[in-house]
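*Asks:* Give me a model of this one.
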Amino acid sequence: MKPNQKSNSSKKNQVEKMFDSISFEYDLLNGIMTFNNHKRWKKNILNIAKKLKPKNALDIATGTADIAINLGSISDCKVTGVDISEKMLNVGRKKISKMKLSESVSLETGDAENLNFKDNYFDLVTIGFGVRNFQDLQNGLKESFRILNEKGTLIILETSVPENKIMKLFYSIFTRTYIPLMARLFSKDISAYNYLLNSAEAFPCGQAFGKILKSVGFKKVQINPKLFGSSTIYIATK
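*Replies:* Next up is the predicted model:
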């Protein structure tokens, strides 16, 4: 199920359907495929966010709302999570209700490249494993830039490819063997994980992505590789 690059609406519809199809298994497989490292990386985002003391935060491509829920623990911070997959959001809503965070965290359907929020509205925007699914990467990042206030910060967690040749080789072997095996064992939609794997390998990472962030207007970009560079946290300030 690889989204069609020729049509904006087609790709978005297909990405929506893809995440709808894996919504109930997503958390389980995300844990298995990252050996639960994704939880630690999302906690890293929370620790960075706490120092910023945001009052109004948006989590784009929130999925099942892990990052939004983490941000909900920040004192006096209202958090909104948006995603195009309603079924992923429903999983997230159940988590929020169970954790009694409905007063501080809300979820709604939304398109990262056409956000329904005013200019300069948020103190903080976060995106976890979502930017590589944008139809137009620069337009999506420009939307994040637009809705951040003049002192706002964008924090992105995304997969990346290790720069070290030896680690890159191990990364390639791992992603081409272990991840497809886990998808076959635990998922009914193997094509969805093939798309996620291919999109991760093709996505610009490290300094290349940092340059893209600066090209849309961000003044300062910090790049923090995780797990030998298999994932990266980017901190961009407006």
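*Asks:* which other helices and strands contact the longest helix seen in the chain?
*Replies:* Scanning the chain for the helix with the most residues, using DSSP state H, yields helix 165-186. Judged by 3 or more Cβ pairs under 8 Å, 6 or more residues apart in numbering; DSSP states H and E, helix 165-186 is in contact with helix 26-34, helix 190-202. All C-beta spots, glycine's among them, are computed from the backbone N, C-alpha and C.
*Asks:* wait, which of these is closest to P180?
*Replies:* helix 190-202 (7.0 Å; Cβ to Cβ).
*Asks:* List the buried residues of stretch 16-36.
*Replies:* Within stretch 16-36, the residues scored as buried using 16 or more other Cβ atoms under 10 Å are 16-23, 25-27, 29-30, 32-34.
*Asks:* my bad, stretch 180-197
*Replies:* For stretch 180-197, by 16+ other Cβ under 10 Å, it's 183, 187, 189, 192-193, 195-197.
*Asks:* Pull the distance from the helix or strand of the chain with the lowest mean pLDDT to the chain's centre.
*Replies:* Counting by mean pLDDT, DSSP states H and E, the weakest-scoring helix or strand in the chain turns out to be helix 8-21, with a mean of 73. How far helix 8-21 lies from its chain's middle: 16 Å, per Cα atoms, centre = their mean, to the nearest Å.
*Asks:* In the chain, mark out all the strands, start to finish.
*Replies:* In the chain, the strands defined using DSSP state E lie at 56-60, 78-83, 105-109, 122-128, 148-159, 220-226, 231-237.
*Asks:* can the ones you listed go into CSV with extra columns for mean pLDDT and distance to G92?
*Replies:* Formatted as CSV, those follow (pLDDT from 0 to 100; distance: least, Cβ to Cβ, whole Å):
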stretch, mean pLDDT, distance to G92
strand 56-60, 98, 10
strand 78-83, 98, 7
strand 105-109, 97, 5
strand 122-128, 98, 12
strand 148-159, 97, 16
strand 220-226, 97, 23
strand 231-237, 98, 21
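*Asks:* Which positions are bridged to the residue nearest to the spatial centre of the chain in the beta structure?
*Replies:* The residue lying closest to the centre of the chain (Cα atoms, centre = their mean) is G128, at 2.1 Å. Beta-bridge pairing of G128 under DSSP bridges involves L157.
*Asks:* Quickly note the distance from it to K219.
*Replies:* For G128, the distance to K219 equals 23 Å [Cβ to Cβ, to the nearest Å].
*Asks:* which residues does the residue lying closest to E158 once chain neighbours are set aside contact?
*Replies:* Nearest residue to E158 in three dimensions, chain neighbours excluded: V131, at 5.7 Å (Cβ to Cβ, 6 or more residues apart in numbering). When contacts are counted by Cβ atoms under 8 Å, 6 or more residues apart in numbering, V131 touches 61, 137, 140-141, 156, 158, 203.
*Asks:* And V131, what's its pLDDT?
*Replies:* We have a pLDDT of 95 for V131.
*Asks:* Nice, that's everything, thank you.
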